[in-house]
Every structure is written in C-alpha cells, then in structure tokens.
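Asks: The following comprises the amino acid sequence and a computationally predicted model.
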2 protein chains.
Amino acid sequence: MSLESFFTPRSVAIVGASRTKGKVGYEVVSAMLRAGYEGKLFAVNPSTDEVQGLKCYPDLKSIGESPELVVVVVAAKHVKSVIQDCADLRVKAAIIISSGFKEAGSQGAQLEQEIVRIARSAGMRIIGPNCIGVMCPTSKLNASFGGQLPKAGKVGYFSQSGSILAAMVDMAGATDIGFSKLVSIGNKADVNEMDVMRALGEDDNTKVIAGYLETISDGDAFIRQAERISRIKPILLLKSGVTEAGARAATSHTGRLAESENAYECVFERAGVVRCPSIKAQFDYARAFAYDPVPTGPRVAVIANAGGAGIMATDAIEREGLKLASFTEQTLQKLCNAKELAGVANVDNPIDLLGDALANRYEFALHAALDDPNVDTVLVLLSPHAMTEVLETAKAVVRVAKEKDEKPVLTCFLGASRIYEASEILRKGRIPQYDSPESAVGTIKVMAHYSQWRSRPKRVVKLFSVNRHKAERIIERRLRQNVLELGEAETKEILEAYGFVTPRGEIATTVEQAVNIANYIGYPVVLKIWSPDIIHKTDIGGVKTDLRTDQEVMDAFDLMMYRIPKKAPDADIIGISVEEMVDKGREVILGMNRDPRFGPLMMFGMGGRLVEVLEDVVFYPAPLTAAEAKEMLVRTKTYDLLSGARGEEGVDIDVIAEGLQRLSQLVTEFPQIKEIDINPYVVGREGTTPIAVDAMMTLEKA
Amino acid sequence: MSLESFFTPRSVAIVGASRTKGKVGYEVVSAMLRAGYEGKLFAVNPSTDEVQGLKCYPDLKSIGESPELVVVVVAAKHVKSVIQDCADLRVKAAIIISSGFKEAGSQGAQLEQEIVRIARSAGMRIIGPNCIGVMCPTSKLNASFGGQLPKAGKVGYFSQSGSILAAMVDMAGATDIGFSKLVSIGNKADVNEMDVMRALGEDDNTKVIAGYLETISDGDAFIRQAERISRIKPILLLKSGVTEAGARAATSHTGRLAESENAYECVFERAGVVRCPSIKAQFDYARAFAYDPVPTGPRVAVIANAGGAGIMATDAIEREGLKLASFTEQTLQKLCNAKELAGVANVDNPIDLLGDALANRYEFALHAALDDPNVDTVLVLLSPHAMTEVLETAKAVVRVAKEKDEKPVLTCFLGASRIYEASEILRKGRIPQYDSPESAVGTIKVMAHYSQWRSRPKRVVKLFSVNRHKAERIIERRLRQNVLELGEAETKEILEAYGFVTPRGEIATTVEQAVNIANYIGYPVVLKIWSPDIIHKTDIGGVKTDLRTDQEVMDAFDLMMYRIPKKAPDADIIGISVEEMVDKGREVILGMNRDPRFGPLMMFGMGGRLVEVLEDVVFYPAPLTAAEAKEMLVRTKTYDLLSGARGEEGVDIDVIAEGLQRLSQLVTEFPQIKEIDINPYVVGREGTTPIAVDAMMTLEKA
C-alpha cells in the first residue's frame, strides 16, 4: 500500500494538540502552521476549544469528516483508543509520535502490537510510535517536532533515530542540501525502512535516498529490495551499532540484536548500498549524487591554482584507488597552446594554473578537461590568493558545468570568509563544493564505485545438476534424531551429492584391512577415526597424517583403536578411514554461516594458520553468481598467492569459484544448514580437481 | 640564531611597497597598516614618495636607520642588491616574498644561493623566497599577503605552501582557532621547517605546533629535533606527496625527491609527531591540543541525550582502538541515585540522558564522569530536541570543565542553527566542539596516542660488544675494490663479528670433502655455491636443500660444479659450502634500507611468501632501543604467529629483538652499508639460538 497519505494528505488531524508551548502537542501544531500547510488542518483535544487559532475538537469523530492523516501525540495509554477511532473513520495513515511502547518494555511492546493489529485490520498504515514525525517540503507538510521544514530538494531521508533526523535537518539548513521527504521511522511498528525506501524509490522528486539505521527489520527483503532500488537511484546508509561495543550500546538502546560488521559490509556491497562512515560523509555524498551525474569511470582530472591542494588531491586519488586521468595528446596540445594559459607551470594532470590564475584560466582548463575522453570526473581546486577571482571563478565553473553536463564536476574552494559568496554561487549552480580535497575525492570514489556497481551485468545464478535427494535424506534423518552437528563422514556424503570430490579412501575395521587399503591407494596415507559421534577428531588424536609405511599404518591404527574409545566412550565407532594424503596444492576454506538477519553468507578464506591469524576471509550473501564467487577470491588479501601473480605456481581459480557456487546452491536449497565448512579444500593448478579433505556442518530446526 | 626579529621587530621596512592595489607590494603595506603594527614602519620604492600615507624612501640606506626586519617584494633580479643593502645595514632578518628563484629553474637556484651566502656572512636570517610572509597576532605584525591577521591563540603554524597557509588563516577565522605565529617558509633557502619548529618549541605563547610540508630538508635533524620538541608540545604535521602519484605531483611542483609513506610513518612515530590526514583533521586536532590537557589513558566516557549519536561514538571508540570506560561502582551508584537523573534509561557508559534532558542532567553526569578514576576523557554529545536547553547545557559544560580541568572534555553538539549560539559559548569557554562524533573520537585517539608516546621512558640504546675491526676490514677492502654488493660469505663474516650465529658448515672443494662434512654435521644438509662474485645463488641453481644421503650430496656437488662455471664464467668459485639444514623454527627477515632522507630504517618482516604477498613488514629508524625492537615485532600483522598466542608454538621474541638491535648497531656504526638483509633468520622457541641462514648487503661510497 502506498505511503502517499503520509506525504500529501488532503487533511490532517493532530490528536493531542496543546496550548502549552514546549509540549510536543504544541510544537507539532506550530510546525504545521509555520510550514503553511494548505490542506485542512484539525486540532483534537477534549480539554480546550482552540489551539493556536485552530478550532479544537474533543475527539476525532466529532470533526464530522475523516482526515486523511492523523498525527497522534497523546500519552501512550490513550493511543489505542485514538487508533480505534481512526480505524472506525477509515483514516488512511497515522503518525504516532508518542513514546512508551516497545522501547519502554514488554507492556509497551504488547500495546504496540495491539495497535498494529487494529490498524492492519482497517487497512491503515502507521509510522512510529516513538518518532518525531514526517516532513514533506513540496506539500508544505511538517507533521513533526523535528524543527523547521527544510527546503525542497532531491534527497529523501529516513531515520531510526529522531534526534539524528532533527540534527540532519538543522545541519542541512546551513548547507546546500534540500529534501523531497523526511521520515522518522521510530519503532517501525508497521512502516519500516523497507517501506520507506520503496516509496522513495518510486518517488520522482527523490533522486537520492539517504537514511540512518540502527537495526534492519527484514534482512532478506532488505537485500532484494535495496538491490532493486539501487539500480534506479543510490541509497546512502549510515548504519550504527556495527562494532561490538557499538552493538552493545545499540542493544541497550533498542533492545534488539545487532549484526556483525562483516555481514553489513557484504550485504551492502551486494545490494549496491553506499555505506556512509559518518553524518559528514553522508552529507558529502548526498550533495554530489543529488547534483551531479555519476561518473562512468575512475579517471579524475584535477585543476588547481596552487601546488599544495593539488598534491593533497593526488594523494587522496591514489589512496582511494581512483586514477589520475592521463590527458590525450590533443588536450595537452590545447592546454599548451592556449594563450589563456601562457606561462602556466604544469598542463599535465593535476593542471596547476598558478597563484595568479584569473577566472578565464579556470574556464579554459575546465572546458579542456571535460572535453577529454580520458576524463570521467573533474575536481576544481581553488586557494584564495590575493589576486584570485574567487567569485568569477565560481561563476565560470557553474557556466561550464551546465554547458557540459555529462560528467560530474566537484569543487573544493579552500577557505571560509574569502570563499563565502563563491560557495553560494556554486550551491545555487548545483555544483557540490567541499571543504577539503580529501572529502571531495572520497565522494568521487563512492560515486565511481556506485556507477560501476550499477553497470554490472544482470545476476545469473547457475544451477548445477546435483543429487538433492541424497542430501535431503541425510539431513532429514539427522534432524529427526535431533543430531545437529554432522561430522566429516556425513558432511562429505552430502558434498559428494553436490559434486564435490573427496580424497580416495575406504573404511578399515581391522589393521590388516587398513594396510591393504593403504597399499592399494599408495603411500603416503592419512588415518582418520570414522564416527558420526566424533566431530572434532583432531582434539582426541583421531587423525594421523603422512604415514609412509605399513608399520606406521599399523601403529597408528592400533593406537587409535586403543585410545579413542577411552576418550570418547559413548561414540559409535564405525572404523578408521584410510585416505590418500592430499598434499599437492594449496589449502583454502569454503564455508557458510547463516546470519540471523541476512541468511546464508558464503565465506572464502585462505587455509591453515593464515586464516586464523590474518582473518583473511571474505563474505558474500548466497546465492552466488560465477562473477561474485570469483570476486570473493579476488578480494582476499592473499589472492596473489592463489593466482600465481608473484611467481608462485597459480591454482585453478575457476574451479574454486565453482566450488563456492555449488556450496551456495546447497545452502540455498537447504535452509536447515546453519553452518558448513570445507577445511581444507585443497586446490591444485589449472585442470586439476580440487579435493574436500575435511568438512563439517551444523543444522538447525526450522 | 633566534627568529625573534621576524616576529617582534621594533621596525619593519617594506622594499617594493606599491601604490597599485592588487600588487603584492600594496597588499603587504596594507596588511601591516590594517594589523595596527605598533613599531616603526618604512616603505621603500624609488619611483614614488608615498604609499598609503607612508613616506617612501628610494632605498634602504636612505632611511637613516637600520630596520630590524626587511620585507622584500621586488622582482627577483633586484633582490640580490636589496639583500646586499640589508647586509651592509646589519639588518637582522629579511622575508623575501618575491618568487623566481629555485622554483623557477637553475638560474633562480643560483641566485638564491648567492643571496643566502650574502645573508649568512652578515649574520642575517632569511625566510623565503617564494613565500607569502609572516604573521604574529600578539605583536600586531602582518608582514604578508596571506589575508587578514587572525586572532591570537596558542597554535604556531608554518607552511611550505603559501596557498595552504592563506586558506588555513581564512578557515580559522570561521572557527575557534587562534594563532601565536604563522610562517610561510617558501623555498626554505635559509630558515627551514626545523628552524621554525625549534623557535615555536621555545615560544611560551605556542602550545601546539602545526604545519604543512611537502618535503623535509634534513631528515636526520628532523628526527632528533622533532623528538625533543614533541616531549614539550605536540607537533601536528600535514605531509603531502606521500603516495606515489602524490609524490610525482609534488616533484613536478617543487622539483625535489619525495620520500616513501613507510619512511614518514615510522619517522613520525619515533619522533612523536602527529600525522594529520587532512586539513580538516589538523584543525580538529589543533583545537583539542590547544584547549585541553592530554588524557592519561584511552578510556572514554560518553554522555548523550539520544541513542543515535551515542552509538556512533561507541562505534568510533572501538574502531579507533580506544576504550569505553567502565564506571566504578561508586559512579554507577551516584548516577542511579541522583534525583536529577531519575527515570534515565541508561546510566552505564554511554550515559543516555534521554531526549528531555535539561542542562542539570548534563551537569550532574559530567561531574560524575570526570570524578571517576576509570575515566580519562569525557565526550559530551547533544542532539537538539524540542526541549533541549542547548545554551544552558553549553554553559554547564564550560563551568564543570573549568572546575575539573585535569581531564579533557570534548563536545559534539549536532546541528547548525540550533546550536550556533551554544558553539560560541563552547568556543569562548575553550571547549573543543566537533561536528560529528567520529571527528571528536578521532581527535581523542590522537591525543591519547601522543600522551602515551610522551610518557615513554627515556630511550637507551644498548651497545653490544662486537668485533668492529673485522667488519671494518671487510667493508673497507671491498669499497677499495669498488665491489658494492657483498654476497652471503662476506655478509655472514660481518654478521658473525656482530654476534650473529650462522649455520654450522664448511667449504668443500672436492666431492669427497663434501660428503665427509655432511656426515660430520649430520643429514639433512644444504649445499651452496661459495663465491664472492655470486650474489643471487638461487637464480643460477647454486643452492640445493634437504639433501639426505651421500648420493644426494655427490649429485648436487657435481651438478653445481659442472653447471655454474658455465652460467657465471667470470665468477671466482671458492668451493661449495656444506651446511646443516636449519628447518626447526620460524623464518623471519631482519633488514635495513638506508633512506636518502632519514638514514638507516630497520626492517622486520615475516619470512617466506608471507612477506612478499602481505607486505607484512615494519620499519623503524635506527638506532633501536630494546623496547623499539620489540615494538616492531608486535606491530606486524602476523605477530600472533610468532608469539604463540594462537595455540602455535611461540618463538623467543627477545632474541629476535636482540638480533634487530645488533643489526641496528652494525648499520649505525657503518654508514657505508646501504642495504642489508638477513633472510631467512630462523628462530626457535625460547632458549634456542636463532640462525642467520642467508644474508647479503650493499655498500655505498661516502
């Protein structure tokens, strides 16, 4: 159901309107009046006749008509009956500003649920409770106590924290950000971040979606919807509570589980969501996305009138992984021959126009840079020297950028009072202006990354032909038996059903058998205790590797058979597996952890001690496409070890990626699998088959 | 010689004073007049009688007295004769603003040298050329064209880029930063960054030194002096041109060599210099250092009136490696029982005073946090809610912080117009106020790190008793022979002289000898070709490892003797070294690279492929103390592998540190050593002796 009634209602009633300045019921009425709301506005309060010049009704039903939007600011205990009145009147939308619900304990949570039930059965949508309200500059609606209605613009904003929203609105007033709609989502009893994102995604007045979140209501829906919306317009999210300590702070605050930073990172990456490290960064990004087209590549041209800022910008470009554009021969010629630039120190990127540069030099250089096919974005830096034409330069930048509007132009005019008027010109000319080269470059980086994300080909998840029934049989049987940890034997059976290869070998129950198998396979071999009840074999001496002679096999066999029943008296021991020793190749780990919020997150890491110490692992939400699986490998720190880039013998990257895709298919088809690890997964050079040497999994009941 | 004449001269002459607005000679006169300079001011210009109301002299000598400071703004070609006049008149200090010197090419560089020669022989100091001048608010001196004289304060600033200085001054006007002195050092012909840092270090009006640098003039002096000054007051440096691309940009700009980011990082760390990632960060840091005491530890208390900002601050505290303070039982009791805080959601850190918090809640909580012995720094966050007493809260913070001034208090009042007046109050009350929780926390991190650095014990470099003469003999002989690359044989001889142990072994010249030596040492053994002329043995098949039988030794010996003379026909082959195979232990690398600017930088890294791929190496300037050597180990990413923290068998950390110290002594005593690598250096568990398995070095002529 659309949220339009929250933003452009024909009539609004404020229940709990108050005559007392400072009370929320006063502030909301006052905000509506000051905003100049043009629809019908009703005040409701049984204990007075008039509030700020508005006639006051004792209750909603006495109004005599049904308001489209109701704003509720009465005490928590009265809210339910107000919502019941709304339901009876077929009100379409209610904003519950009142607090005292879920955030206040279990009683409040129950009350909140009851209210949502009433609303849902009446087909009414609710924003809040425990929020500061909704603003919509274009319809002159300020149904909030979040401060003055900001100016209209292209940014749609939502926030789980009312105070952050209020601070954003106040800060926006001092900058060049305008808003299409602002929503304080509060406890998200009914309308949550996903509903708002969807509405803003469909809103023609919104070019950029930005928000502040502490928790995500439905991880699965988030991934799917955010990915869909990100293809249309950028979503800039400030997500707090991502560190462990931050999560504890968020928990004591919101009473919810917080998610790991890893999970957010890969989910945002998948969905194309731009993660903002701070409020400041969110402002920086929002401005550029609202004003500029996104760049089609990473190549930046820098124009400056002094060395210092140009060097800083160049440092930042390198650090952010962008590229300093190489001008074409034609551009270099043009710059060299220009009479405007005669005597200029450096025409190569960064172009240094020197301290005595007047506006005409900037104008010429900006034209040239924008015309160059090797340039994706232009950053114009200005330091206010004695003779700098600050104002004229700003006008020139606006003029040229408007004429050649296919590439983004950003500015960093350094200073304060000396650039004040110029920054007004830039603002009105819709040129995003930054206070430091670093924040401008950081913004370009984010835009370029988003643009690259958006131009990715459509995601196609390959389906391998597998023996799904076999896996299902094992999993279902174990779940019925209430056995949730599956050891090597069963996990490998399931993996084999999904096309994985495990080491050659057989189960021996006598020492003679073991020696025979070993001789059949060929030395060296590995002995492993084989029992569905022993998950951590190594811990109890249940693995012996690199056995090279019959004698060594016999010794190992007898020692295990003697010792293990003592250490694990209840274990049902099937025998001892004699396996080929897989030692030619590199060890990696494939795995999956099911995140409580985002579902299965695939994991890839380098094997052995490396993984443990360096935490060189990469996560990505399943199901994986081939490109995503490969990208996971590339993003490890030690990828060069795999790819053979450093003179090492490389391994077959594609087969590892295929392993990840097969595992991704397994965990997608079986939500009962909570965790699975193939460790080590031994991979050799191109053309060889990787081997799942050890593996285990954990199940969970639906 | 003191720089006092630049800052508090009794008289100033401006040579090149001009009547034409926009000209530098006009701007400087105007700046001096507007600043209200109270000493004697002379204008010099042969072509006019009067400039802006000042009598104008045809030349310096006609003034009739000797000005203490001369500001030169004439064209480059006239500067030399002006400086000669200054020398004749015994002028103490000259600021040469004019450009057209070293930055303009070799002719300019020569002119610059001549001018410095004149000045030095007359005992005169010069700032510039190619600079924008000097400002000193306390003496109302603005001998510059860098804009209006900023207000007086505790920050001493210098800049290699005039435009960055001008931008800083302009930006400072809009914030709460005041300056003691500002110096544009330009080409640094005479006075360089070190001189200015020394002067600011001794200046009682300067509490914080901040600067912008593109190049460092004398690396050695920089380390020593900066370290000395950092113990007295913090030095905040913005160093640009640190990435490769940035360095290229800086080079084309200043025509100088740029240094690697690694070198800067370790030199700054050693010298206690705070590295600023951006202008914005430099402002952020300078403000806190200027106003607040430094914290004595990493524990931060956070006070907020909303969840959102508190969570963001907590995230930032965890990310920066600081600690969220754990309040004492007493503090918790005090907060719980306070009538001011009745009903408050959360008294544990971060303290959430809720949206309806008035100033009295903040006042009570701030007192309690500052009283808590577990708290080192307090961060006060405020979101402007409808009923928030923004102004009163600011006043309360100022009041409490003044009363309890031993711990730093920082604020982040979010918003703009709604907190405008409050931020004025905070500014006047000398409370550093930030625009985001992240920048406040980033600043606390930097202060805590500096404080920790300053409280380090005095550096004592241990001197080992070594056979210096032996090392000297080899090095001198090779230098005389013009041989600069020393192979394994000679490098190990030198290392042995400095107390390193190398693998047991001997040189064999016949295959029989080789087998005898191998049997004497015990298998497995390693064979290495032994020749002073073969540096990279492995490249030509000159190393065979893990030989386990006589036959393998014989085969390896004969193959080397057959093949290597073909591959290296000119090499003088002494024989083949038969060595014990050192394979019990972990491989690490000890090394040194002599940085052209900062001298010997010690290097420690994890051995094998790890180093190459992960670049897990740490640098630190020699000579090393025991603590610094150990710190180098701790700072590798894979330190846990060494220390045994992850269930691995640990190695003897102290002996590795001692190896680094011995190597540090070697390279300090022999500046002829340009590079040295011990790779691998094999270290075992505690009590065992590490072994330098392979090593090589490069010499350079003095």
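Replies: Nice, thanks for sending it over. Numbers count the residues shown, from 1 in each chain, chains lettered A, B, ... in the order given.

Asks: hey, let's count contacts and neighbours off CA atoms from now on
Replies: OK.

Asks: so where is chain A shaky, pLDDT-wise?
Replies: Applying pLDDT under 70 to chain A picks out residues A:1, A:244-259, A:343-345, A:608-612, A:645-649.

Asks: what residue lies at the spatial centre of it?
Replies: Using Cα atoms, centre = their mean, the residue of chain A that lies closest to the mean C-alpha position is residue A:268, 2.1 Å off.

Asks: Quick check: which element contains that residue?
Replies: Counting by DSSP states H and E, the element that carries residue A:268 is helix A:261-271.

Asks: So which elements touch that helix?
Replies: Judged by 3 or more Cα pairs under 8 Å, 6 or more residues apart in numbering or on different chains; DSSP states H and E, helix A:261-271 is in contact with helix A:219-230, strand A:617-621.

Asks: following it, which helix or strand shows up next?
Replies: Where DSSP H and E defines the elements, the next helix or strand beyond helix A:261-271 is strand A:274-275.

Asks: and the helices and strands packed on helix A:261-271, which is most packed in?
Replies: strand A:617-621 (a mean of 24; mean count of other Cα atoms under 10 Å in any protein chain shown).

Asks: quick one: residue A:594 from residue A:479, how far?
Replies: Distance check for residue A:594 against residue A:479: by Cα to Cα, to the nearest Å, it reads 17 Å.

Asks: who has more neighbours, the two?
Replies: Neighbours were counted for residue A:594 and for residue A:479 using other Cα atoms under 10 Å in any protein chain shown; residue A:594 has more, 19 against 16.

Asks: In three-state terms, label that one for me.
Replies: Under DSSP: H, G, I helix; E, B strand; the rest coil, the three-state class of residue A:594 is strand.

Asks: which residues does it contact?
Replies: Under the criterion of Cα atoms under 8 Å, 6 or more residues apart in numbering or on different chains, the contact list for residue A:594 reads A:600-601, A:673-675.

Asks: now, which of the residues you listed sits nearest residue B:631?
Replies: Nearest to residue B:631 out of those is residue A:601 (Cα to Cα; 36.8 Å).

Asks: How about the contacts made by residue A:231?
Replies: Contacts were defined as Cα under 8 Å, 6+ apart; by that measure residue A:231 touches A:272, A:454.

Asks: Would you mind measuring from it to residue A:620?
Replies: Noted for residue A:231: a distance of 19 Å to residue A:620, by Cα to Cα.

Asks: what does residue A:555 give?
Replies: Between residue A:555 and residue A:620 the distance, using Cα to Cα, works out to 44 Å.

Asks: Now tell me what touches stretch A:184-196 from outside.
Replies: With Cα under 8 Å, 6+ apart as the contact definition, stretch A:184-196 has outside contacts at A:3, A:102-103, A:112-113, A:116, A:125-134, A:158-162, A:165, A:183, A:216-217, A:221-222, A:225-226.

Asks: Which entries within those residues meet the buried criterion?
Replies: For those, a burial check counting by 16 or more other Cα atoms under 10 Å in any protein chain shown picks out A:3, A:102-103, A:112, A:116, A:125-134, A:158-162, A:165, A:183, A:216, A:222, A:225-226.

Asks: residue ranges for the helices of the stretch 551-700 of chain A, please.
Replies: Counting by DSSP state H, counting those that start in this stretch, the stretch 551-700 of chain A has these helices, from start to end: A:609-614, A:626-634, A:639-643, A:653-669.

Asks: Name the residues of the longest one that come out as buried.
Replies: Right, the one you point to is helix A:653-669. Under the neighbour-count rule (16+ other Cα under 10 Å), helix A:653-669 has A:653-668 buried.

Asks: from the residues you listed, which is closest to chain B?
Replies: Proximity of those to chain B (Cα to the nearest Cα) peaks at residue A:653, which lies at 17.3 Å.

Asks: you'd agree the closest one is up against residue A:642?
Replies: Yes. Counting by Cα atoms under 8 Å, residue A:642 is a contact partner of residue A:653 at 7.5 Å.

Asks: circling back: of all the helices of the stretch 551-700 of chain A, which one comes closest to residue B:211?
Replies: Proximity of these to residue B:211 was assessed by Cα to Cα; the nearest stretch is helix A:609-614, lying at 36.2 Å.

Asks: Quick check: closest non-adjacent residue to residue A:76.
Replies: In this structure, residue A:76 finds its nearest non-sequential neighbour in residue A:100, 5.6 Å apart by Cα to Cα, 6 or more residues apart in numbering or on different chains.
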